[in-house]
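Asks: sequence and predicted model, in that order:
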Amino acid sequence: MTAEALRAKVFAELEAVGFRPAKSLPDPDLGQAIRPPDEIAARLLTLDSVFTWAAFSGVDVVHGGAIHERSSLPESALQMV
C-alpha cells in the first residue's frame, strides 16, 4: 500500500465516524517503525492527565488522586497490545 492510499483509507475511516482530519497533514512515512506499546501508553496517560487537569479544578485532581492513580498503574495495566 502506498502512503497516499493509506492516508486516503485512514481519512475515510475517520470521516465515516465524524472526524474531519486536516487536509494539510503530511502523508505517513511507511518506513518509520511504530512506537513501542509502553511509549504509546505513556503518551495516552499523559494526555489523559492533562485533560483531567484542564477539565477539573486542580484541587479536585490532586485530592481526588486521579493523576496519581494513573501514574502508579502497573506495567500489566499499560499493555495496549
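Replies: Good, I have the coordinates.
Asks: use CA for all of it now, contacts and neighbours both
Replies: Fine.
Asks: so where does residue 25 fall, helix or strand?
Replies: Assignment of secondary structure by DSSP states H and E places residue 25 within no helix or strand.
Asks: one more: residue 29?
Replies: Using DSSP H and E, residue 29 falls outside every helix and strand.
Asks: could you find the closest non-adjacent residue to it?
Replies: In this structure, residue 29 finds its nearest non-sequential neighbour in residue 3, 7.0 Å apart by C-alpha to C-alpha, 6 or more residues apart in numbering.
Asks: now that that neighbour has come up, it's in contact with residue 32, right?
Replies: No: contact criterion C-alpha atoms under 8 Å: residue 3 and residue 32 do not qualify, at 11.6 Å.
Asks: tell me which of these two has more neighbours.
Replies: Neighbours per residue, other C-alpha atoms under 10 Å: of residue 3 and residue 32, the larger number sits with residue 3, 14 against 7.
Asks: in the longest helix seen in the chain, what counts as buried?
Replies: In the chain, with assignment by DSSP state H, the single longest helix is helix 37-55. Of all the residues in helix 37-55, those buried under the rule 16 or more other C-alpha atoms under 10 Å are 41, 45, 49, 52, 53.
Asks: what does the average pLDDT come to for it?
Replies: Mean pLDDT, helix 37-55: 86.
Asks: hey, C-alpha coordinates of that helix in PDB?
Replies: Coordinates of the C-alpha atoms in helix 37-55 are reproduced here as PDB (Å, rounded to 0.1, in the frame of the first residue of the first chain):
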ATOM      1  CA  PRO A  37       3.300  -0.100  23.200                       C
ATOM      2  CA  ASP A  38       4.600   1.200  26.600                       C
ATOM      3  CA  GLU A  39       5.600   4.500  24.900                       C
ATOM      4  CA  ILE A  40       2.100   4.800  23.400                       C
ATOM      5  CA  ALA A  41       0.500   4.000  26.700                       C
ATOM      6  CA  ALA A  42       2.700   6.600  28.500                       C
ATOM      7  CA  ARG A  43       1.700   9.300  25.900                       C
ATOM      8  CA  LEU A  44      -2.000   8.400  26.300                       C
ATOM      9  CA  LEU A  45      -1.800   8.600  30.100                       C
ATOM     10  CA  THR A  46       0.000  11.900  29.800                       C
ATOM     11  CA  LEU A  47      -2.800  13.300  27.600                       C
ATOM     12  CA  ASP A  48      -5.400  11.900  30.000                       C
ATOM     13  CA  SER A  49      -3.600  13.700  32.900                       C
ATOM     14  CA  VAL A  50      -3.500  17.000  31.000                       C
ATOM     15  CA  PHE A  51      -7.200  16.600  30.100                       C
ATOM     16  CA  THR A  52      -8.100  15.800  33.700                       C
ATOM     17  CA  TRP A  53      -6.200  18.700  35.000                       C
ATOM     18  CA  ALA A  54      -7.800  21.100  32.500                       C
ATOM     19  CA  ALA A  55     -11.300  19.700  32.900                       C
END
